[in-house]
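Asks: Pasted the sequence and its predicted model underneath.
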Amino acid sequence: MNIAYFLLPKNRVAYLYDDCTFRQGLEKMRHHGYTAIPVITRTGQYLGTVSEGDFLWRILSEQSCSMKELEHLQVRDILQTCNNYPSVRITVTMEELLQSAMNQNFIPVVDDSGSFIGIVTRKDIIRYFAEEKGAVSPLQKIV
């Protein structure tokens, strides 16, 4: 199965640029209600995923917790210290995608040049395997 069928394209996904400020990153995550968000360069290269925990740990590692004083930090500064979610290529198999989904809520997808093209959600992966095994009734597919 081609994972492109499950791909939520970049233009429908919230993401951060690596040069966004600490505050901009937190505000975007809060606005969308996300606990983790992909980070890309201005040229579209996927760099990693930053989570609420990554922001929290960075705040705790700073001498001051003032948001004003944290304005000098950029999202790329947080990425250097956090445990990143690996991306996959569009050619990945569903079984490989399932392995990634065990550790991530979503899986960032890149093209052959490493450019971010979208995400596949854990929910869609679980739904695929449930339908494949016949565990989901036709009525549940509608929801």
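Replies: Received it, and whenever you're ready, just let me know what you need.
Asks: Buried residues in the helix or strand where residue 128 lies, which are they?
Replies: If you go by DSSP states H and E, residue 128 is part of helix 122-132. For helix 122-132, burial by neighbour count (16 or more other C-beta atoms under 10 Å) applies to 122, 124, 125, 127, 128. No exception for glycine: its C-beta is placed from N, CA and C like everyone else's.
Asks: Same check on stretch 26-38?
Replies: Quick answer for stretch 26-38 (16+ other C-beta under 10 Å): 26, 28, 29, 34, 37, 38.
Asks: Touching the helix or strand encompassing the second one from outside, list them.
Replies: Element membership for residue 28, per DSSP H and E: helix 22-32. The set of residues external to helix 22-32 that reach it, using C-beta atoms under 8 Å, 6 or more residues apart in numbering, is 14, 16, 20, 35, 37, 50, 52, 55, 58, 67, 70-71, 73-75, 77-78.
Asks: What is the neighbour count of residue 3?
Replies: The number of residues packed near residue 3 is 22, by other C-beta atoms under 10 Å.
Asks: now it: how far from residue 25?
Replies: 27 Å (C-beta to C-beta, to the nearest Å).
Asks: ok, the residue nearest to residue 52 when sequence neighbours are not counted - contacts?
Replies: Among residues not flanking residue 52 along the chain, residue 35 sits closest, at 5.1 Å (C-beta to C-beta, 6 or more residues apart in numbering). For residue 35, the contact set (C-beta under 8 Å, 6+ apart) comprises 29, 51, 52, 105.
Asks: Now for this structure, the helix or strand with the poorest mean pLDDT.
Replies: helix 138-142 (a mean of 51; mean pLDDT, DSSP states H and E).
Asks: which residues does the residue nearest to residue 40 when sequence neighbours are not counted bridge with?
Replies: Nearest residue to residue 40, sequence neighbours excluded (C-beta to C-beta, 6+ apart): residue 116, at 4.7 Å. Counting by DSSP bridges, residue 116 forms beta bridges with residue 110.
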